[in-house]
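Student: Just need the structure, nothing else, for what follows:
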Amino acid sequence: LGNRIRVIPGAASSDLERPDDADDRRARLGLPDRFMLSVEPLTAASGVGDLVTAVADGALPDDVPLIIVGEGPLDLDSAIADAGVSSDRLRVIPLLDRRDLATLYHDAALLVAPTVVDGFGQSALEAMRAGTPVVHTDAEGLAETCLDAGVIVERSEPSTFGHRLAE
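Tutor: Residues are numbered from 1 along each chain as shown. Down below sits the predicted model:
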């Protein structure tokens, strides 16, 4: 078989096309006209806590809210409340069905992948398939997944990550 077989590790699912009823889904989810998206497990290693800090510090734009989709042990709702961030600037919603997720990927202004650990970067790949720009950390897995198609934000100085992300 020689060169007729190619192994491609990981791919974006073909079921993430923007659904015909996307406008109804947007309305049901209460999505704003423009928003940033992050699809990550709610863990310390996913970097979503840094996103909450960036919103609380005013590093991210006020007029483009952040929607975090995910579940996990990290209680982001409490962190958001403690930081005094309003729900019109930052919302956390649990994992969605694939058609809702497709709507989010296609309609987001950009996807933020803030992970601090190595991983494949499935959400970044799925966002790129939807044509959504991706801003991601320099975690090796994300850098390999996105290559030069994403904007890399180095995590070398955590205290300024949110501001560099906003830039």
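Student: so which strand or helix has the residue most central in space within the chain?
Tutor: With distances taken as C-alpha atoms, centre = their mean, residue 38 lies nearest the centre of the chain, 2.0 Å away. Taking DSSP states H and E as the criterion, residue 38 maps to strand 36-39.
Student: Then residue 27?
Tutor: Going by DSSP H and E, residue 27 is part of helix 22-29.
Student: on contacts alone, who are the packing partners of the strand holding residue 38?
Tutor: Secondary-structure packing of strand 36-39 (3 or more C-beta pairs under 8 Å, 6 or more residues apart in numbering; DSSP states H and E): strand 66-69, helix 98-107, strand 110-113, helix 122-129. Just so you know, the C-beta spots here come from the backbone N, C-alpha and C atoms, and that holds for glycine as well.
Student: Now render those as TSV, adding mean neighbour count.
Tutor: Below are the helices and strands packed on strand 36-39 laid out as TSV (neighbours: other C-beta atoms under 10 Å):
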stretch	mean neighbour count
strand 66-69	21
helix 98-107	20
strand 110-113	24
helix 122-129	22
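Student: Dump those to CSV, plus mean pLDDT.
Tutor: CSV is the format used below for the helices and strands packed on strand 36-39 (pLDDT from 0 to 100):
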stretch, mean pLDDT
strand 66-69, 96
helix 98-107, 96
strand 110-113, 94
helix 122-129, 92
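Student: Switch these over to CSV; also include distance to residue 16.
Tutor: Listed next are these as CSV, based on distance: least, C-beta to C-beta, whole Å:
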stretch, distance to residue 16
strand 66-69, 13
helix 98-107, 4
strand 110-113, 12
helix 122-129, 6
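Student: closest one to residue 12 among these?
Tutor: Residue 12 lies closest to helix 122-129 among those, at 3.7 Å (C-beta to C-beta).
Student: Now do that closest one against helix 98-107: the angle between them, please.
Tutor: On the basis of axes from the mean of the first three to the mean of the last three C-alpha atoms, to 10 degrees, helix 122-129 is oriented at 60 degrees to helix 98-107.
Student: what residues does helix 122-129 touch?
Tutor: Helix 122-129 has contacts (C-beta atoms under 8 Å, 6 or more residues apart in numbering) with 10-13, 16, 37-40, 101, 105, 108, 111, 113, 133-134, 136, 142, 145-146, 149-150.
Student: Check which element follows it along the chain.
Tutor: Sequence-wise, the next helix or strand downstream of helix 122-129 (DSSP H and E) is strand 134-137.
Student: So in that sheet, which strands flank that next one, and in what orientation?
Tutor: Using DSSP bridges, the strands paired with strand 134-137 are strand 110-113 (parallel), strand 151-153 (parallel).
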